[in-house]
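Enquirer: Sharing a sequence plus its predicted fold:
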Amino acid sequence: MMILFLPILIPLLTIILLLIVRKKLAYQHILSVLSVVAQLIVALSIFNKLGESTILVAQAGGWPAPFGISFLADYTATILLIAVALLALPIVIYSIGFIDKVRQQGGLFVLYQGLILGVNGAFLTADIFNLYVWFEVMLISSFVLITLGAAKQQLRGSVKYLVMNLLGSSLFVAAIGLTYSQLGTLNMADIADKIMKQGSTPLLNSAIMLFFIAFGIKAAVFPFFFWLPASYPTPPIAITAFFGATLTKVGVYVMLRFYSLFANMDEAFWQPIIFIVAGLTMLFGVLMAASSYDIRKILSFHIISQIGYMLMGIGLFSLIGLAGALFFIVHNMFSKTAAFMAAGLIKRFKGSYDLNMLGGLYKSKPILAFLFLIPALSLAGIPPTSGFFGKLFLVMGGFQSGEWLITIVAIVVSILTLFSMIKIWNEAVWKPAEEKAVEPSNQKLNPLIIAASFAMTVFTLFLGLTVFWTFDSFTEAAAQLLNPQLYIDAVLNNNRPALN
């Protein structure tokens, strides 16, 4: 299945071409847009092929599993590939019109493609060491993006980002070593197969715990979340939007994959831990958002809070719980990106992210008020937005499983999220502009950033309005996760060339 290599090869080739035309900014714009369009077409093609074969597998270099590096696309990985390509297109267009030319010429679009390369690789790989490599590709690209422009606040924020992510990478490497020492393999399907047949050991359980701590750091879960609000608000908001949509979601995806393959066999041990971390992540994130008056920080804190909902779905590990978690991941990727884009437009027009300095937006720029309203309603879970359905499925899953405490926490956090969104709306949009408020800029807003923000808002609306047609795919993805034997058989038994 050579098509599985294209989501990696396309951004890699684009990086090479962008370096060749690095002095021609217009060519970089065209190449970047064409690249994400091509990636979207490939992701949709992979999704279409899943109808013919439930899980697609490719073996790098023709080496059979578990000796070579395996790549796998099931419904979970492919849905996320599509989501990343869909949101990358508006972000690239938005960045062309929003980010200054110095940063663009400093390698912005090369780094975007490097980030996409790492994200796509992490979604598709079926090998733990290969997964580590893709995480490092993401770390390198994202660290340079945070520091691009070398503003003082960026450099300060980048220190916490780098230190915590290097700690996560170190734990990741330690867990890889323990796993290999116990099982003699790093192929994820082979590991799952051996655990099923041989059972676990204390060292192997320690390795799985280290994996979850490493991924928890990268996903910004409690208590490892403090690096995110210190670093995400520092670069230009287009970069922040890309980070918020992808980096933490890859951490959640890998936790979901590992729980499905390795940890669910000891559900009595892992489920309470997942629920405790999920609940505390929700609460701490939303309470910190409620106390902030900077739009970027409020939205960044809500990234943390909403990671808790995704962890809740993992802990439920039921059909509706997992389907709800996957739906919530995609909803959050779209809604959060749209909200950050709208916040960037507000800053461009009003000159500040500080709610105390804003006001009167509904009169001066009603289009900006609308572009913020839709993702804000979605993040708060107001029907009929995608956020409402994502939370509804998780709450239904919680009640069906009898997990009352985490479900009540999810409902309370949703109400507090609504409070934060109302606060932004009242302060930035609805209240009259005061004398201390920043006066509206005479600068015309670039049509590119308006169009990109509008497109992201449309994606958010579309996901909610078509939920009863699209949710079957999320349910199919959840069914595959609930049956890890499908994953094992696909990797170990399919596409294996005969040994001579």
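Expert: Nice, thanks for sending it over.

Enquirer: Just to be sure, residue 54 is in a helix?
Expert: No - Residue 54: not assigned to a helix; according to DSSP: H, G, I helix; E, B strand; the rest coil it is coil.

Enquirer: Next one: residue 387 relative to residue 407, how far apart?
Expert: 16 Å (Cβ to Cβ, to the nearest Å). Backbone N, C-alpha and C define where each C-beta goes, glycine included.

Enquirer: wait, residue 445
Expert: 42 Å.

Enquirer: residue boundaries of the helices in the stretch 401-500 of the chain?
Expert: Under the criterion DSSP state H, counting those that start in this stretch, the stretch 401-500 of the chain carries helices at the ranges 404-424, 447-465, 467-482, 484-493.

Enquirer: Give me the contacts around the longest one.
Expert: Contacts made with helix 404-424 from outside it, assessed by Cβ atoms under 8 Å, 6 or more residues apart in numbering, are listed as 275, 278-279, 282-283, 286-287, 289-290, 295, 298, 302, 305, 308-309, 312, 315, 355, 372, 376-377, 379-382, 391, 394-395, 398-399.

Enquirer: Make a PyMOL selection of whichever of these turn out to be buried.
Expert: The buried residues among these can be selected in PyMOL (16 or more other Cβ atoms under 10 Å) with this line:
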select buried, resi 275+278+279+282+283+286+289+290+295+298+302+305+308+309+312+315+355+372+376+377+379+380+381+382+391+394+395+398
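
Enquirer: quick revisit: who has more neighbours, residue 445 and residue 407?
Expert: residue 407 (22 against 17; other Cβ atoms under 10 Å).

Enquirer: Tell me how far that one lies from residue 417.
Expert: Counting by Cβ to Cβ, the gap from residue 407 to residue 417 is 16 Å.

Enquirer: name the element the closest residue to residue 451 other than its chain neighbours belongs to?
Expert: Of all residues not flanking residue 451 in the chain, residue 93 sits nearest, at 6.9 Å (Cβ to Cβ, 6 or more residues apart in numbering). Element membership for residue 93, per DSSP states H and E: helix 75-98.

Enquirer: tell me how far the helix or strand just after that helix is from the chain's mean position?
Expert: Proceeding N to C from helix 75-98, the next assigned helix or strand is helix 101-103, under DSSP H and E. Distance of helix 101-103 from the chain centroid (Cα atoms, centre = their mean, to the nearest Å) equals 26 Å.

Enquirer: now could you export just the CA positions of the one helix or strand in the chain whose mean pLDDT sits lowest as PDB?
Expert: Between all helices and strands in the chain, the lowest mean by mean pLDDT, DSSP states H and E belongs to helix 361-364, at a mean of 76. Extracted C-alpha coordinates of helix 361-364, given in PDB (Å, rounded to 0.1, in the frame of the first residue of the first chain):
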ATOM      1  CA  LEU A 361     -16.800  45.000  18.300                       C
ATOM      2  CA  TYR A 362     -20.400  44.200  17.400                       C
ATOM      3  CA  LYS A 363     -20.800  47.800  16.100                       C
ATOM      4  CA  SER A 364     -17.400  48.400  14.500                       C
END
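
Enquirer: Mind listing residues that contact the helix or strand that comes right after it?
Expert: The helix or strand immediately downstream of helix 361-364 is helix 366-380, counting by DSSP H and E. For helix 366-380, the surrounding residues in contact (Cβ under 8 Å, 6+ apart) are 302, 306, 331-332, 334-336, 338-339, 341-343, 345-346, 349, 361-362, 385-388, 414, 417-418, 420-422, 424-425, 428-429, 450, 453-454, 456-457, 460-461, 464.

Enquirer: centre of the chain versus the helix or strand hosting residue 195, how much separation?
Expert: Counting by DSSP H and E, the element that carries residue 195 is helix 188-198. Distance of helix 188-198 from the chain centroid (Cα atoms, centre = their mean) equals 28 Å.

Enquirer: Numbering from 44 from now on, please.
Expert: New numbering, starting at 44: the last item is helix 231-241.

Enquirer: quick one: average confidence on it?
Expert: Here helix 231-241 scores 89 as its mean pLDDT.

Enquirer: now swap in stretch 424-441 and tell me
Expert: For stretch 424-441, mean pLDDT rounds to 92.

Enquirer: can I get the CA coordinates of that stretch in PDB?
Expert: C-alpha atoms of stretch 424-441 as PDB (Å, rounded to 0.1, in the frame of the first residue of the first chain):
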ATOM      1  CA  GLY A 424     -21.100  23.000  23.900                       C
ATOM      2  CA  ILE A 425     -24.200  24.900  22.800                       C
ATOM      3  CA  PRO A 426     -26.500  22.900  20.400                       C
ATOM      4  CA  PRO A 427     -26.400  22.300  17.500                       C
ATOM      5  CA  THR A 428     -22.600  22.800  17.300                       C
ATOM      6  CA  SER A 429     -20.100  20.000  17.100                       C
ATOM      7  CA  GLY A 430     -19.000  20.800  20.700                       C
ATOM      8  CA  PHE A 431     -22.500  20.000  22.000                       C
ATOM      9  CA  PHE A 432     -22.600  16.600  20.200                       C
ATOM     10  CA  GLY A 433     -19.100  15.700  21.300                       C
ATOM     11  CA  LYS A 434     -19.900  16.400  25.000                       C
ATOM     12  CA  LEU A 435     -23.300  14.700  24.600                       C
ATOM     13  CA  PHE A 436     -21.700  11.400  23.400                       C
ATOM     14  CA  LEU A 437     -19.200  11.400  26.200                       C
ATOM     15  CA  VAL A 438     -21.900  12.200  28.800                       C
ATOM     16  CA  MET A 439     -24.100   9.400  27.400                       C
ATOM     17  CA  GLY A 440     -21.100   7.000  27.500                       C
ATOM     18  CA  GLY A 441     -20.400   8.000  31.100                       C
END
